[in-house]
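> Structure of the sequence below:
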Amino acid sequence: MAELLLDGFVVGIGATLIMDSVALILKQALGVQPLDYALVGRWAAYLTRGRFVHRPITSSPAVRGEKVIGWGIHYLTGVVFALAFLSWAGAGWLAAPDPGAALDFGALTVLAPFLILQPGMGAGLAARRMPWPGLARLRSLLAHLSFGAGIWLTALCWSALG
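This is a model prediction of the structure:
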């Protein structure tokens, strides 16, 4: 169990770093604005006050520490997703990481923003209330595919060290 936790932590942090690196590259190269994780922190802070849905989150007053909260949740989610993936894929996958399974899992994780975060932040189910829902969905999918690629790349490095 301790080994799984360590593997999940390393792979989750690495995959999330790769996801964030891709977002930064897209911002610098194409001007694509990444998700503002302060808004995720705001949403999470309001959850503790019993408020799940905002219309939109930007109209809700800022909360103290929302940026730190949001980034923490972002990385914690990456670790939890990596633990789920490694539990499902098994130790054999980590010994010989396969990109297909990791990319498939990354695509599957897009359900979290589609079904939880976007509705909660006022964008509607799968961003249906956004000005260009198809574009918002595509951006979410690409972000989560980069997370899946990050799982694979981090696992390659981690397994080479181990």
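> CA atoms for contacts and neighbours, from now on please.
Noted.
> and the least confident helix or strand in the chain by mean pLDDT, C-alpha only, in CSV?
Across the helices and strands of the chain, the lowest-confidence element by mean pLDDT, DSSP states H and E is helix 91-95, at a mean of 91. This file holds the C-alpha atoms of helix 91-95, laid out as CSV (Å, rounded to 0.1, in the frame of the first residue of the first chain):
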residue,chain,number,x,y,z
ALA,A,91,1.8,-2.9,-10.9
GLY,A,92,2.5,-4.5,-14.3
TRP,A,93,1.5,-1.3,-16.1
LEU,A,94,4.0,0.8,-14.0
ALA,A,95,6.8,-1.7,-14.8
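> Determine the set of other helices and strands touching that helix.
helix 133-161 (3 or more CA pairs under 8 Å, 6 or more residues apart in numbering; DSSP states H and E).
> Now do the following helix or strand past the least confident helix or strand of the chain: which elements does it pack against?
Sequence order places helix 99-108 as the next helix or strand after helix 91-95, per DSSP states H and E. In terms of contacts (3+ CA pairs under 8 Å, 6+ apart), helix 99-108 is packed against helix 133-161.
> could you check the angle helix 99-108 makes with the helix it packs on?
Following axes from the mean of the first three to the mean of the last three CA atoms, to 10 degrees, one obtains 140 degrees for the angle between helix 133-161 and helix 99-108.
> what comes up buried for helix 133-161?
133, 136-137, 139-156, 158 (16 or more other CA atoms under 10 Å).
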